[in-house]
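**Q** How does the following fold in three dimensions:
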Amino acid sequence: MADRTLLRNARVLSCAAGPDEVPADGDVLIEGNRIARVVPGRAEVDEAGTRVVDLHGATLLPGLSDAHTHISWPLDFVFDHDGVAASPPERHILDVAAVARTFLESGYTLIVGAGVLQPLDDVLAKDFIDRGLLPGPRIIPSGAMVTEPGAIGADGALMDVAPDAKAMREIVARQCDSGVRAIKLFISGDGIMPEFPSEDTYMNDEMLLAAVDEADRYGAIVTAHARSAASVAMAARTGVRVIHHACFVDDEAMTALEARRDDVWVCPGLHYVYAMVHGDAEPWGMTPERLERSGYAHELTCLVESLKRLHAAGIRILAGGDFGHQWTHHGTYARELQRYVELVGMTPVEALHTATRNTGPLVGLDTGTVAEGSLADLLVVDGDPSVDIGVLLDPARRRAVMKDGQFVYVNPESFP
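**A** Purely as a prediction, here's the structure:
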């Protein structure tokens, strides 16, 4: 196969321009695993040494990313964390492989782990994908989530438990030695378990500073489940890189976030809360009574207002959020982007930025833009997601996915 590929007759949505970018007619030349040139109109190439693929006016955009993934959750998952954790590893890892493939075929070429149910799920999947043995996205692998005594998961069945900073260092080092590169801390409650309200805050600055310092030694990042305002502020001031949820943001939290504007990201998981509040989970036991006890209706209102405030302040937002339940089914990941447009007031392109160019700097990869020098991780779709973000949700519109300059998924109905 030629080491050079020309994607001809594309409508290029680079995600490298402003919030109102529109796709532009162009050709994209790929050499090896990187984009060599983006040419307005038609490019002149030596077709004898170049594979030429005519996209017939389809939209070409960067491969998407999700920064809060649980590939441990099978395609048929229904809030049964204990059951999945106890399932036979040889069967479970096939479920993990199916989820990884689903991400890739949905146009997601980069994911950041946010906790696993069997300790090496992310690490093993990454290894097999990187060796070309399984189809899947680039993975920044996570391990077991980390909690503290008295908090969610404190029995140690599913999470690592750190009572102090010394134990935190030991856990982080052990996970990183196994190949983990995204350490996930649980530093607030979650109202879906009413005994652990979302506005509760766990851990302390000393423990988080220890986690961040130890992770830095391995080139890893620390992420945190942080719904309460106090937990958001603590995560921001101690060097946590990704703050998941941030449902409640007060002035102290905003000040801490703004002080680290260039080195912190918020990953809200908006669609998950939206789907719960709107009854999508009721067929699977999330009754109106349980949701009322959770406080999620109030939390959704606060989360939307927090996101509007963060967006206006220029805090970088990352798409991602607990997909994998039947009410947030695998393969529907772009629902998160849809909620940013509908509820937060982002333009479709701004929403796309949360799943493209915002993620590369976090993980140190040249991904997320269709630009010279970027990795050739690309998505080809029918329609214009700069006008209708819902285009990304229709499997029939996904023509192809490229990763490292190679086609890794081709829709058989588009290209028989």
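**Q** For Val232, which non-adjacent residue is spatially closest?
**A** Computed as C-beta to C-beta, 6 or more residues apart in numbering, the closest residue to Val232 that is not its neighbour in sequence is Ala253, at 4.2 Å. Every residue, glycine included, has its C-beta placed from N, CA and C.
**Q** ok, now which ones touch the one you found?
**A** By C-beta atoms under 8 Å, 6 or more residues apart in numbering, the residues touching Ala253 are Ala229, Ala230, Val232, Ala233, Ala236, Ala246.
**Q** most neighbours, which of those residues?
**A** Val232 (32 neighbours; other C-beta atoms under 10 Å).
**Q** Which helix or strand lies directly C-terminal to the helix or strand the residue nearest to Val232 falls within?
**A** Ala253 belongs to helix 251-259 when assigned by DSSP states H and E. Where DSSP H and E defines the elements, the next helix or strand beyond helix 251-259 is strand 265-267.
**Q** name the helices or strands packed onto that following strand?
**A** strand 64-69, strand 242-245, strand 316-317 (3 or more C-beta pairs under 8 Å, 6 or more residues apart in numbering; DSSP states H and E).
**Q** Now that Arg357 has come up, it's in contact with Pro62, right?
**A** Yes: counting by C-beta atoms under 8 Å, Arg357 does reach Pro62; the two are 7.2 Å apart.
**Q** on that earlier part again, export the helices and strands packed on strand 265-267 to CSV and tack on mean pLDDT?
**A** Formatted as CSV, the helices and strands packed on strand 265-267 follow (pLDDT from 0 to 100):
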stretch, mean pLDDT
strand 64-69, 98
strand 242-245, 98
strand 316-317, 98
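**Q** I'd like the ones you listed as JSON lines, with distance to Ser178 appended.
**A** JSON lines is the format used below for the helices and strands packed on strand 265-267 (distance: least, C-beta to C-beta, whole Å):
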{"stretch": "strand 64-69", "distance to Ser178": "18"}
{"stretch": "strand 242-245", "distance to Ser178": "20"}
{"stretch": "strand 316-317", "distance to Ser178": "29"}
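**Q** mind putting these in a markdown table, distance to Ser142 and mean neighbour count included?
**A** Shown next, in a markdown table, are the helices and strands packed on strand 265-267 (distance: least, C-beta to C-beta, whole Å; neighbours: other C-beta atoms under 10 Å):
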| stretch | distance to Ser142 | mean neighbour count |
| --- | --- | --- |
| strand 64-69 | 8 | 30 |
| strand 242-245 | 11 | 29 |
| strand 316-317 | 20 | 24 |
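**Q** low-confidence ranges in this structure?
**A** Applying pLDDT under 70 to the chain flags the ranges 1-2, 415-416.
**Q** per-domain residue ranges of it.
**A** For the chain, automatic domain parsing gives the domain ranges 4-63+368-410, 64-363.
**Q** any idea which of these is most buried?
**A** Burial of those is given as mean neighbour count (mean count of other C-beta atoms under 10 Å); domain 64-363 ranks first at a mean of 21.
**Q** May I have the distance across it, first residue to last?
**A** 14 Å (C-alpha to C-alpha, to the nearest Å).
**Q** re the thing from before, what is the nearest of the contacts of Ala253 to Asp76?
**A** Minimum distance to Asp76 across the contacts of Ala253 is 30.1 Å, recorded for Ala246 (C-beta to C-beta).
**Q** measure that closest one to His311 for me?
**A** Look at Ala246 and His311: by C-beta to C-beta, to the nearest Å, they are 12 Å apart.
**Q** Equivalent analysis for Ala24, please.
**A** 26 Å.
**Q** before we move on, what about Ala100?
**A** In terms of C-beta to C-beta, Ala100 sits 30 Å off from His311.
**Q** got it, and Glu195?
**A** 33 Å.
**Q** do the same with Thr356
**A** For Thr356 relative to His311 (C-beta to C-beta), the value is 16 Å.
**Q** Please name the residues that touch Glu105.
**A** With C-beta under 8 Å, 6+ apart, Glu105 has these contacts: Pro135, Gly331, Pro395, Arg398, Val401, Tyr409.
**Q** just the helices in the stretch 251-400 of the chain please.
**A** Secondary structure of the stretch 251-400 of the chain (DSSP state H, counting those that start in this stretch): helices located at 251-259, 270-277, 288-294, 296-313, 335-339, 348-354, 360-363.
**Q** what's the third one packed up against?
**A** Counting contacts by 3+ C-beta pairs under 8 Å, 6+ apart, helix 288-294 is packed against helix 270-277.
**Q** Can you give the contact residues for the helix it packs on?
**A** Here helix 270-277 has contacts from 192, 247, 281, 286, 291, 294, 296-297, 299-300, 303-304, 307, 321-323, 325, 327-328, 335-336, 338-340, 343-344, using C-beta under 8 Å, 6+ apart.
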